[in-house]
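Enquirer: Structure of the sequence below:
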Amino acid sequence: MPIYQVVILAIIQGLTEFLPVSSTAHLALAHWLFGWGFKEGTSLDFSFDVALHVGTLLAVILYFLRDWLQIIAQAFGIGWGHDRQLSHNRGMLWLLIAGTIPVGLAGLLFGRHAEGDWRSPWVIATTLIVVGVLMWIADGSGARNKDLSSLGPGDAGMIGVAQAFAIVPGVSRSGITITAGLFRNLDREAAARFSFLLSTPAIGAAAAKAYWDLYKHHGGIPLDMRVPCIVGALVSAIVGMIVIAFLLDYLRHHSLRVFAWYRIALGVLVIALTLAGVSQG
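Expert: Predicted structure coming up:
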């Protein structure tokens, strides 16, 4: 694969992993429309999957590094921190751990389906539209009177269960968890921030699994893929950090409805392309 295609796909990953629009759907569209990507199940496909996961993991860790240091310190009784909301919620680490359990169980139970027969254009189109509608409803109905300082076990549990549905292609991890946060009356920025914090262990686990699959089936990253993988990881990490900063700032002043409309329109487009025979399934 030419480096320019690697860069473009990494940009797509960095943009859509953190915007609530589904990275799987956009990478699938790139493959369907342009034939970009690697044949599924090959060492090249596994290698690039590792690179994209590592890139987005770096993005969320580096951007929220001070938050994570404060969360971990407070969990063990160390009163260090820069953030007022986190300072008032010293059990945040345990809430994040509890919220991660559902997606871990979902991955163990349904991971093969998520990576296999669920990766169809009909599933992706349906989830794009359904979550778009839910996002629209949540954005208009939530009281938005809570921030991270008042987030409790019930909130973490519901958002964690919502994240479990993100293994289904087209759902979008950030899309479904931000939507769940709004239904729990978090303000938009707090919902997005908790979504990103909650995504960190899940993305880390996905990166570890991707590398294990690569090692198990192909013995590691092929020599000719090392430069593309490094480029892909760095580009997706840089773009991901920019997108996180943008979305948190955007949600301080704007609603999520533009993303809801975009998801619905994209779902309709996927259906149209499928009916026209463009999709390769």
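Enquirer: For the rest of this, base every contact and every neighbour count on C-alpha atoms.
Expert: Noted.
Enquirer: just checking, I264 touches V133?
Expert: Yes. Under the criterion of C-alpha atoms under 8 Å, I264 lies in contact with V133, with a separation of 7.5 Å.
Enquirer: More neighbours: which of those two?
Expert: Set side by side, I264 and V133 show more neighbours around I264, with 21 against 17, by other C-alpha atoms under 10 Å.
Enquirer: from the chain's centre, how far out does the strand or helix carrying that one sit?
Expert: According to DSSP states H and E, I264 maps onto helix 257-275. Offset of helix 257-275 from its chain centre (C-alpha atoms, centre = their mean, to the nearest Å): 18 Å.
Enquirer: what's in contact with that helix?
Expert: Among residues not part of helix 257-275, those counted as contacts by C-alpha atoms under 8 Å, 6 or more residues apart in numbering are 20-21, 29, 121-122, 124-133, 135-136, 139, 279.
Enquirer: Now, of those, which are buried?
Expert: Applying 16 or more other C-alpha atoms under 10 Å to the contacts of helix 257-275, the neighbour count classes 20-21, 29, 121-122, 124-133, 135-136, 139, 279 as buried.
Enquirer: got the buried residues for the longest helix belonging to the chain?
Expert: Across the chain, the longest stretch assigned as helix under DSSP state H is helix 188-218. By neighbour count, with 16+ other C-alpha under 10 Å as the criterion, the buried positions of helix 188-218 are 188-207, 210-214, 218.
Enquirer: For burial, what's the neighbour tally of the closest residue to A106 other than its chain neighbours?
Expert: Nearest residue to A106 in three dimensions, chain neighbours excluded: A164, at 5.7 Å (C-alpha to C-alpha, 6 or more residues apart in numbering). For A164, the tally of surrounding residues (other C-alpha under 10 Å) stands at 22.
Enquirer: quick one, what contacts A164?
Expert: Applying C-alpha under 8 Å, 6+ apart to A164 gives the contacts 102-107.
Enquirer: Next, format those as a markdown table and append pLDDT, neighbour count and distance to Q70.
Expert: Output for these, formatted as a markdown table (pLDDT from 0 to 100; neighbours: other C-alpha atoms under 10 Å; distance: C-alpha to C-alpha, whole Å):
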| residue | pLDDT | neighbour count | distance to Q70 |
| --- | --- | --- | --- |
| P102 | 97 | 20 | 24 |
| V103 | 96 | 20 | 24 |
| G104 | 95 | 19 | 24 |
| L105 | 96 | 12 | 27 |
| A106 | 96 | 18 | 29 |
| G107 | 93 | 21 | 29 |
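Enquirer: Kindly indicate which of the residues you listed lies nearest L95.
Expert: Sorting these by distance to L95 puts P102 at the head of the list, at 12.3 Å, by C-alpha to C-alpha.
Enquirer: Would you mind measuring from the closest one to V239?
Expert: The gap separating P102 from V239 is 28 Å, by C-alpha to C-alpha, to the nearest Å.
Enquirer: what does G267 give?
Expert: Following C-alpha to C-alpha, the distance that separates G267 from V239 is 24 Å.
Enquirer: for G170, same thing?
Expert: The span separating G170 from V239 equals 20 Å under the rule C-alpha to C-alpha.
Enquirer: Then F259?
Expert: Taken as C-alpha to C-alpha, the spacing of F259 relative to V239 amounts to 18 Å.
Enquirer: Those two - which one has more neighbours?
Expert: Taking neighbours as other C-alpha under 10 Å, F259 and V239 compare with V239 leading, 21 against 17.
Enquirer: Next up, the contacts around the more buried one.
Expert: By C-alpha under 8 Å, 6+ apart, the residues touching V239 are 11, 14-15.
Enquirer: a strand runs through it, doesn't it?
Expert: No. Membership of V239 in a strand is not supported by DSSP: H, G, I helix; E, B strand; the rest coil, which gives helix.
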